[in-house]
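>>> sequence unavailable; structure follows:
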């Protein structure tokens, strides 16, 4: 059933990092032609049928399971090729919109495939239900849901041949190995052998899914484990903790800790009242 909701957005709501402008669903999307573009970001998730999308001079064929993102002020046109062209859609704004889309790999308007379209639709249905609820602080509640939607979009959008979620799934054996051997020395060659890839390809997987290189991830895990030990095993000396999380010396441990945390291990303990 067709639904279109314009949540009441107060001036204060428009100052939120994210806010919902329009949320809705069309059983059969009609032709939309906007030579001047639209004032907000939009995500449209196709659940049935087929259509065509024009962004400037670029033409895309949009099928079920795919979504397309439109940026403010960019001319576009979309229309049905095979009915019914069933679409869930959201229009949103706020200072975090561009940044969160970019983190999902969406740096320009266009067509995107997703690995879990049902999850995306579930998010949009949830925002639609909230927008219709009439609950107090509706703008804030919708803002929270849009944030969750964009976070999950990061996991499932296929910017190239794989989504971040697929990269992370492939990395699971490496992640488990790091967790189980955090107290041991390890090399990038050793980590790459866990999933039978080259060190260069392992770096690519980590960059795509984690936004960092493999050994940086290892060091971050070691530092996080050291902080847990400082809290839970206060009888250990700093050089003992360094050894327990895989550092070959207390001085190197302290150097890495300071680089990642902007403070020394001793300053960390003092800040948290650890004696």
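Right, received. Where do you want to start? Given the structure is predicted, the values throughout are model-derived calculations rather than measurements.
>>> distance from the chain centre to the longest strand along the chain, please.
With residue count as the measure and DSSP state E as the assignment, the chain has strand 76-93 as its longest strand. Taking C-alpha atoms, centre = their mean, to the nearest Å, one finds strand 76-93 lying 23 Å from the centre of the chain it belongs to.
>>> by contact count, what packs against that strand?
In terms of contacts (3 or more C-beta pairs under 8 Å, 6 or more residues apart in numbering; DSSP states H and E), strand 76-93 is packed against strand 19-26, strand 32-34, strand 41-55, helix 117-133, helix 138-156. C-betas here are computed from N, CA, C, even on glycine.
>>> just send these back as CSV, with mean pLDDT too.
Formatted as CSV, the helices and strands packed on strand 76-93 follow (pLDDT from 0 to 100):
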stretch, mean pLDDT
strand 19-26, 94
strand 32-34, 95
strand 41-55, 95
helix 117-133, 94
helix 138-156, 93
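>>> looking at these, which is nearest to residue 244?
Closest of the helices and strands packed on strand 76-93 to residue 244 is helix 138-156, at 32.5 Å (criterion: C-beta to C-beta).
>>> quick one, the closest one and strand 76-93 angle?
For helix 138-156 against strand 76-93, the angle between stretch directions is 120 degrees (axes from the mean of the first three to the mean of the last three C-alpha atoms, to 10 degrees).
>>> for helix 138-156, buried residues please.
For helix 138-156, a neighbour-count test (16 or more other C-beta atoms under 10 Å) marks 138-139, 141-143, 145-147, 149-150, 152-156 as buried.
>>> follow-up on the earlier one: so which of the helices and strands packed on strand 76-93 is nearest residue 200?
Nearest to residue 200 among the helices and strands packed on strand 76-93 is helix 138-156; the distance by C-beta to C-beta comes to 23.9 Å.
>>> tilt between the closest one and helix 117-133?
Here the directions of helix 138-156 and helix 117-133 differ by 180 degrees (the same axes, to 10 degrees).
>>> now for this structure, the helix or strand with the poorest mean pLDDT.
Every helix and strand of the chain was ranked by mean pLDDT, DSSP states H and E. The lowest is strand 157-158, at a mean of 75.
>>> quick one: contacts of the very next helix or strand once past that strand?
The element immediately downstream of strand 157-158 (helix or strand, assigned by DSSP states H and E) is helix 164-180. Outside helix 164-180, the residues within contact range by C-beta atoms under 8 Å, 6 or more residues apart in numbering are 104-105, 115-116, 154-157, 186, 191-192, 194-195, 202, 205-206, 208-210, 214, 217-218, 221.
>>> next one: helix 164-180 to chain centre, how far?
Centroid separation between helix 164-180 and its chain, computed with C-alpha atoms, centre = their mean, is 17 Å.
>>> can you name the element that comes right after that helix?
Of the helices and strands lying after helix 164-180 in sequence (DSSP H and E), the nearest is helix 188-193.
>>> any idea of the angle whichever helix or strand comes after that next one forms with helix 164-180?
If you walk from helix 188-193 toward the C-terminus, the next helix or strand you reach (DSSP H and E) is helix 199-210. With the same axes, to 10 degrees as the criterion, the two stretches helix 199-210 and helix 164-180 enclose an angle of 110 degrees.
>>> what average pLDDT does the longest strand of the chain get?
Per-residue confidence for strand 76-93 averages out to 95 on the pLDDT scale.
>>> note down every partner strand of it and its orientation.
strand 19-26 (antiparallel), strand 32-34 (antiparallel), strand 41-55 (antiparallel) (DSSP bridges).
>>> tabulate the ones you listed (CSV), appending distance to residue 129 and mean neighbour count.
As requested, the strands paired with strand 76-93 are exported to CSV (distance: least, C-beta to C-beta, whole Å; neighbours: other C-beta atoms under 10 Å):
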stretch, distance to residue 129, mean neighbour count
strand 19-26, 9, 21
strand 32-34, 24, 12
strand 41-55, 16, 20
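>>> what strand or helix carries residue 67?
With DSSP H and E as the test, residue 67 turns up in strand 66-70.
>>> in its sheet, what does that strand sit against?
For strand 66-70, sheet partners with direction are given as strand 41-55 (antiparallel), strand 110-114 (antiparallel), following DSSP bridges.
>>> mind giving me TSV with these and columns for distance to residue 245?
As requested, the strands paired with strand 66-70 are arranged in TSV below (distance: least, C-beta to C-beta, whole Å):
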stretch	distance to residue 245
strand 41-55	41
strand 110-114	37
